[in-house]
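Asks: fold the following, please.
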Amino acid sequence: QPLSLVLEYLTKGVNESDLIIGIVSAVGTEYKRVTDPLTDRLQGFGYTVKDIRVSSILPTYHGNTNEYARIKHYMDAGDSLREKSRNNAILSAGVAKEISKSRTTNTSKTAYIVNSLKHPSEVEFLRKIYGDGFYLIGIHADEKRRRQHLCEDKGLNQNEANELIKIDEDESVDHGQKTRDTYHLSDFFL
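Replies: Got it, this is the predicted structure:
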């Protein structure tokens, strides 16, 4: 059980401190197949688990129920914020602020699952802040499976799925999404 081995490593010797677990996965990856059992296991180790969506830092999508438009909105908003701020780690700064705001004065152990990091600078920023308390898990799914999930489960057509997959993988601009480069920084691969 790869997930069990990851959790055993993460919780050994640090049971009294918070864990920050970053997730990096390409668009269309069924990340909940990892994050749901991860949450259950962490709770079994006595952690309170809090999910932080990186997209929650961005302006909310108020469009229709079109999943393609929703995903594209958040991709574009992240790119725009990185470009305007001239800081490719800006979304991680927002995540750190959310973590800080959600911390309580009680002594319960908390694990924060940060989903989904898309730029190497975001990982670098979180590692500087949280040091040994930060781990990055790369969740892999092959492109065919991701495309199938986007089309069959999310209602995108093939062209929309292909476009999002291409954008997500490695945009040509520095402030764009760099999921492939971010994925390679993972401490664990599932």
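
Asks: show me what contacts residue 81?
Replies: Applying CB atoms under 8 Å, 6 or more residues apart in numbering, one finds that residue 81 lies in contact with 58, 90, 91. All C-beta spots, glycine's among them, are computed from the backbone N, C-alpha and C.

Asks: can you list those in a markdown table and add pLDDT?
Replies: Written out in a markdown table, the entries for those read as follows (pLDDT from 0 to 100):
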| residue | pLDDT |
| --- | --- |
| 58 | 94 |
| 90 | 96 |
| 91 | 96 |
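
Asks: go through the residues you listed and name the one nearest residue 26.
Replies: Nearest to residue 26 among these: residue 91, at 16.9 Å, using CB to CB.

Asks: where does that closest one sit: helix, strand or coil?
Replies: Here residue 91 is helix, with the state taken from DSSP: H, G, I helix; E, B strand; the rest coil.

Asks: now residue 138
Replies: strand.

Asks: got the contact list for the most centrally placed residue in the chain?
Replies: Centroid-nearest residue in the chain, with CA atoms, centre = their mean: residue 116, separated by 1.5 Å. Going by CB under 8 Å, 6+ apart, residue 116 touches 23, 24, 25, 31, 53, 54.

Asks: just the buried residues of those residues.
Replies: The neighbour-count test (16 or more other CB atoms under 10 Å) applied to the contacts of residue 116 identifies 23, 24, 25, 31, 54 as buried.

Asks: how much space separates residue 102 from residue 185?
Replies: Residue 102 sits 25 Å away from residue 185, going by CB to CB, to the nearest Å.

Asks: those two: which has the busier surroundings?
Replies: It is residue 185, of residue 102 and residue 185, that has more neighbours when counted by other CB atoms under 10 Å, with 16 against 12.

Asks: what residues of the longest helix out of those in the chain count as buried?
Replies: For the chain, the longest helix by residue count, based on DSSP state H, is helix 67-85. Using 16+ other CB under 10 Å as the burial criterion, the residues of helix 67-85 that qualify are 68, 70, 71, 72, 73, 74, 75, 77, 78, 79, 81, 82.

Asks: great, nothing more from me.
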